[in-house]
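A.B. asks: Got a predicted structure plus its sequence, pasted below:
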2 protein chains.
Amino acid sequence: MSKRSTTPNSNRLLAALPSEEYERLLPGLQQVSFPLGEVVYEFGGHLDYVYFPTTAIVSLLYTMENGSSAEMGLTGNDGVVGIALFMGGGTMPNRAVVQSAGEAFRMKAKLLQDEFARGGKFQYLLLRYTQALITQISQTAVCNRLHAVDQQLCRWLLLSHDRVKADELIMTQELIADMLGVRREGVTVAAGRLQDVGAISYVRGHIKILDRAKLEEKVCECYRVVKNEFDRLLGSDIAQA
Amino acid sequence: MSKRSTTPNSNRLLAALPSEEYERLLPGLQQVSFPLGEVVYEFGGHLDYVYFPTTAIVSLLYTMENGSSAEMGLTGNDGVVGIALFMGGGTMPNRAVVQSAGEAFRMKAKLLQDEFARGGKFQYLLLRYTQALITQISQTAVCNRLHAVDQQLCRWLLLSHDRVKADELIMTQELIADMLGVRREGVTVAAGRLQDVGAISYVRGHIKILDRAKLEEKVCECYRVVKNEFDRLLGSDIAQA
DNA sequence: ACTTCTATGTGCGGTAGGTAACTTATGTGA
DNA sequence: TCACATAAGTTACCTACCGCACATAGAAGT
């Protein structure tokens, strides 16, 4: 996992900033490498920085007292990790874990908060992203209640695929099970079915998306609701608003 | 359901405003009565007002294409309905339905946005509430995945009880089933068990909380996580921050 | 009182997913 | 190349919840 160099504008929030704000923030951004499994913050843990992923993907998940866990949302180069720093709470009652190794840019909490308080485009973008994240979490809630594991696996694969350039995900079934909040065996059979129809292939922690269309065909409506909301809130039009 | 008069400071967000801001907003607030079942906003629907409940409770829920539905969160006098208006998206991909009849104060979207843009205590409170709501939705997501209906019913009863003065909830099992995203029969048996141990009693849409301690004993950790986060973010200390 | 809703109770087969115990592959490093 | 760890596959059984059908019981109007 070599430290490939990325630029801050690989993150869509930073890229959408007017040049004046972008230039002002640039000196306050440092690139960091996130290895797989790194914990960005713990349950209730203090944060010194917010992180704008470029190639990394970070999962937000909750771990129960008995050790079982489930994901509520995930952030890639379309967002920011550490919303509690500008929402005012400082900490969140969940964990953020790197789900796909890669790069991110970090910004000191103080700088973030000062810039947020200016009320400019930066604040606008951060709040819109937060609303999109709320939709993602909400849809996870209803999907968890009403849909089958097969569909949720499709949703999860598509959400991850959207946030990774490549068609290959480095991810074991064990980890996916933790994200979806099901047993590893449940993932094995669901993934087996997807492999049988040629949608994906996988070996020992390497999942290849072979036929995205097949996944989109099988996935529940939840995926599209979230996708539409992200496009609406953070699509190409965010530049002019 | 007679229109009982309440004052804006029965809503905890409004009550926490410094007197200067409170006085400034007061002329822009009108009391409205919410009957049970009233739809505050529809999926993707435009909002002219935000609503600060005083005695009403509003559920946020999503309805699937096939008609099944599930709740992601609920708002009482501790919050505000219509966060999309200050988060920037304007609309949300869910519905808001009155779950318990009562009063609320509404504020024009424009006034809300202008006041929010000032960046004062009002903005501070709205963002903190939004973060608490995110926790509520997140915990609903993991609870839906990992816990049994019995526990979720306890959680739901406690969350509602916290937001209503009385020990009686006007609520049929059918409606509770829609909220929890389960069958009505599932609620019947779960509620029956709670009645057997003397925690609640109910007849035809009238649920009495007889022994709150029993509910708290049976409920999963999710309830307390949400409660702690609301207390932390919106507790008595919000006055001095 | 009688009908007619609406809310609740109950039983039964079906099924998705949980629990558990075990096997089979595919790395990886001594 | 052999040992060992990790990833994935398999099987058998169990339980919670669903879907459906139907029974009962308050409430509300005539």
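C.D. replies: Structure received.
A.B. asks: Give me every residue in chain A lying close to DNA strand C.
C.D. replies: Taking CB under 7 Å from any atom of the strand as the criterion, the neighbours of DNA strand C within chain A are A:A148, A:V149, A:D150, A:G181, A:V182, A:R183, A:E185, A:G186, A:A190, A:V203, A:R204. (C-beta placed from N, C-alpha, C; glycine too.)
A.B. asks: could you redo the last one with a cut-off of 10 Å?
C.D. replies: Residues of chain A lying close to DNA strand C by CB under 10 Å from any atom of the strand are A:66, A:68, A:70, A:144, A:147-153, A:177, A:180-190, A:203-206.
A.B. asks: Give me the buried subset of those residues.
C.D. replies: A:68, A:70, A:144, A:147, A:149-153, A:177, A:180-182, A:186-187, A:190 (16 or more other CB atoms under 10 Å in any protein chain shown).
A.B. asks: sorry, back to before: which of the residues of chain A next to DNA strand C fall in helices?
C.D. replies: A:144, A:149-153, A:177, A:180, A:184-190 (DSSP state H).
A.B. asks: biggest separation within these, which pair?
C.D. replies: A:N144 and A:T188 (19.6 Å; CB to CB).
A.B. asks: For chain A, just list every one of the helices.
C.D. replies: Going by DSSP H, chain A shows helices at A:12-15, A:19-25, A:84-87, A:109-117, A:121-146, A:149-162, A:173-180, A:184-196, A:212-218, A:221-234.
A.B. asks: I'd like those helices as a markdown table, with mean pLDDT and distance to chain B appended.
C.D. replies: Shown next, in a markdown table, are the helices of chain A (pLDDT from 0 to 100; distance: least, CB to the nearest CB, whole Å):
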| stretch | mean pLDDT | distance to chain B |
| --- | --- | --- |
| helix A:12-15 | 96 | 13 |
| helix A:19-25 | 95 | 16 |
| helix A:84-87 | 98 | 4 |
| helix A:109-117 | 97 | 6 |
| helix A:121-146 | 97 | 4 |
| helix A:149-162 | 97 | 9 |
| helix A:173-180 | 96 | 8 |
| helix A:184-196 | 96 | 12 |
| helix A:212-218 | 95 | 15 |
| helix A:221-234 | 96 | 5 |
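A.B. asks: Export those helices as JSON lines, with columns for distance to DNA strand D.
C.D. replies: Output for these, formatted as JSON lines (distance: least, CB to the nearest atom of the strand, whole Å):
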{"stretch": "helix A:12-15", "distance to DNA strand D": "30"}
{"stretch": "helix A:19-25", "distance to DNA strand D": "38"}
{"stretch": "helix A:84-87", "distance to DNA strand D": "31"}
{"stretch": "helix A:109-117", "distance to DNA strand D": "34"}
{"stretch": "helix A:121-146", "distance to DNA strand D": "8"}
{"stretch": "helix A:149-162", "distance to DNA strand D": "12"}
{"stretch": "helix A:173-180", "distance to DNA strand D": "3"}
{"stretch": "helix A:184-196", "distance to DNA strand D": "4"}
{"stretch": "helix A:212-218", "distance to DNA strand D": "17"}
{"stretch": "helix A:221-234", "distance to DNA strand D": "16"}
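A.B. asks: Pipe those into TSV and attach distance to B:E221 per row.
C.D. replies: As requested, those are exported to TSV (distance: least, CB to CB, whole Å):
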stretch	distance to B:E221
helix A:12-15	33
helix A:19-25	39
helix A:84-87	20
helix A:109-117	29
helix A:121-146	17
helix A:149-162	23
helix A:173-180	18
helix A:184-196	23
helix A:212-218	33
helix A:221-234	25
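A.B. asks: Mind checking those for the one nearest to A:G37?
C.D. replies: helix A:173-180 (8.5 Å).
A.B. asks: ok, now which ones touch the spatially most central residue of chain A?
C.D. replies: Nearest to the mean C-alpha position of chain A, by CA atoms, centre = their mean, lies A:T75 at 1.8 Å. Counting by CB atoms under 8 Å, 6 or more residues apart in numbering or on different chains, A:T75 makes contact with A:P53, A:I57, A:V58, A:L60, A:V81, A:L133, A:R163.
A.B. asks: follow-up on the earlier one: name the nearest of the ones in helices among the residues of chain A next to DNA strand C relative to B:E229.
C.D. replies: Ranked by distance to B:E229 (CB to CB), these are led by A:N144 at 19.6 Å.
A.B. asks: is it true that that closest one touches A:G181?
C.D. replies: Yes. Using CB atoms under 8 Å, A:N144 is in contact with A:G181, at 7.1 Å.
A.B. asks: ok, A:S5 touching A:Q31?
C.D. replies: Yes. Using CB under 8 Å, A:S5 is in contact with A:Q31, at 7.2 Å.
A.B. asks: So those two - more neighbours on which side?
C.D. replies: Just comparing A:S5 and A:Q31: by other CB atoms under 10 Å in any protein chain shown the higher neighbour count belongs to A:Q31, 16 against 8.
A.B. asks: From DNA strand D, how far out is the more buried one?
C.D. replies: Distance of A:Q31 to DNA strand D, given as CB to the nearest atom of the strand, to the nearest Å: 27 Å.
A.B. asks: Next one: that residue, what pLDDT does it get?
C.D. replies: Per-residue pLDDT puts A:Q31 at 97.
A.B. asks: so how far is B:D114 from it?
C.D. replies: Taking CB to CB, to the nearest Å as the measure, A:Q31 falls 38 Å from B:D114.
A.B. asks: go on, A:P93?
C.D. replies: A:P93 is 32 Å from B:D114, where distance means CB to CB.
A.B. asks: higher neighbour count, those two?
C.D. replies: A:P93 (18 against 11).
A.B. asks: what sits against that one?
C.D. replies: Contacts of A:P93 by CB under 8 Å, 6+ apart are A:F43, A:G44, A:Y62, B:T135, B:S138, B:Q139, B:V225, B:N228, B:E229.
A.B. asks: hmm, which of these are the buried ones?
C.D. replies: With neighbours counted using 16+ other CB under 10 Å, the contacts of A:P93 contain these buried positions: A:Y62, B:T135, B:S138, B:Q139, B:V225, B:E229.
A.B. asks: Surely the third one touches A:I83?
C.D. replies: No. Taking contacts as CB under 8 Å, B:S138 lies outside contact range of A:I83: 11.8 Å.
A.B. asks: what about the residue lying closest to A:G45 once chain neighbours are set aside, neighbour count?
C.D. replies: Using CB to CB, 6 or more residues apart in numbering or on different chains and skipping residues adjacent in sequence, the residue nearest A:G45 is A:T91, 6.2 Å away. A:T91: 18 surrounding residues under other CB under 10 Å.
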